[in-house]
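Trainee: Provided below for reference: sequence and predicted model.
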Amino acid sequence: QGVLLTGLGTFAVIQEPFHGKEDMYVVRRPVFRVDMDEFFVEELAFPTAVIPEDAKIKPLNYSWLSRATSFSQHVVKNCVQETILLYSLHLRNRQQLDFIFEDIGVLSCKDGVLCMRFYYECVTGLESKASWIALIRT
C-alpha cells in the first residue's frame, strides 16, 4: 500500500524477508521513492527505493484532506502542488531545506544527497514483532 504525491514521490509500506541465523522474518517498513522532474534533481543523488509492482499505490486523497482541514478540495490541492513546486525549486537552487512530514519523517538534502529519514515511531508503529530489524533496514 502506498500514496503518490505527484511531483515529489511515493510513500509505501513494503514487506521484505530478513534471514537471521536461525529464523526468517518478514518485516514491514516504510520507503519513499523520489519521483521528481529531472530538472529539479539532475545534480542530486538519491536512493532508489524498490516498491513491488503489485503494491496498491493511490494518489493523495485531496477529498479526505479537504474534510480534515475545512478547506475546499481545490484549495488543498493547489496548496500541496505549490508546496511541492516550492521545495523542488529550493532543491534546484541548491538550498538544503528539510521537508517535514508530520508523524512520518523528514525529506532532506545534505551534501547533494536527497534522502528520506523516517521517524522511529513511524517505523516501529508498522512493525511490532521485528521492529529492530525494520529500524536497521530503514
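Mentor: Here it is on my side, so go on.
Trainee: Tell me where the model's unsure across the chain.
Mentor: Where the chain drops to pLDDT under 70, the residues are 128-138.
Trainee: residue ranges of the strands in it, please?
Mentor: Taking DSSP state E as the test, the strands found in the chain are 2-5, 9-19, 24-34, 57-59, 99-101, 105-110, 113-118.
Trainee: Mind checking those strands for the one nearest to residue 93?
Mentor: Between residue 93 and the strands of the chain, the shortest gap by C-beta to C-beta is with strand 105-110, which sits at 11.1 Å. From N, CA and C alone the C-beta is placed, and that goes for glycine too.
Trainee: mind listing what's buried in that closest one?
Mentor: The neighbour-count check on strand 105-110 (16 or more other C-beta atoms under 10 Å) flags 105, 107, 109 as buried.
Trainee: got a list of what the first one touches?
Mentor: Read that as residue 105. With contact set as C-beta atoms under 8 Å, 6 or more residues apart in numbering, residue 105 has these partners: 30, 32, 116-119, 122.
Trainee: All set, thanks.
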